[in-house]
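[1] Using only what follows, build the 3D model:
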Amino acid sequence: MPKVSAKRQITLPVEQCKALGIEPGDFVESFVVNGQLTLVKKVSGAAKGMLGHLQVDSSISDEDSMQSSIN
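    Okay, the predicted model is just below:
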């Protein structure tokens, strides 16, 4: 069972890394949902084209956009 180090680092079991194709130097993203930690391997280009259908509205500033997502 992995143990959290003093630097909050965790060593992943080799079997899990092999199953997910995680190699040294790969990036992973972590999420906490309902008290459970989930790790996802970042894959370059995985989201390419995902938002291509959206139209840009240059009249809205970044600040306005961030505020509208908060409210």
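
[2] Please tell me how far residue 12 sits from residue 30.
    With distances taken as C-beta to C-beta, to the nearest Å, residue 12 is found 12 Å from residue 30. To be clear about C-beta, it is placed using only N, CA and C from the backbone, and glycine gets the same treatment.

[3] Show me which of the two is the more surrounded one.
    Just comparing residue 12 and residue 30: by other C-beta atoms under 10 Å the higher neighbour count belongs to residue 12, 12 against 9.

[4] OK, contacts around that one?
    2, 22, 39 (C-beta atoms under 8 Å, 6 or more residues apart in numbering).

[5] hang on, residue 30 in a helix?
    No - Residue 30 is assigned strand when assessed by DSSP: H, G, I helix; E, B strand; the rest coil, not a helix.

[6] Give me the neighbour count for the spatially closest residue to it that is not a sequence neighbour.
    Computed as C-beta to C-beta, 6 or more residues apart in numbering, the closest residue to residue 30 that is not its neighbour in sequence is residue 39, at 5.3 Å. Per other C-beta under 10 Å, the neighbour tally for residue 39 reads 13.

[7] swap in the one 5 residues further on?
    Counted with other C-beta under 10 Å, the neighbours of residue 44 add up to 7.
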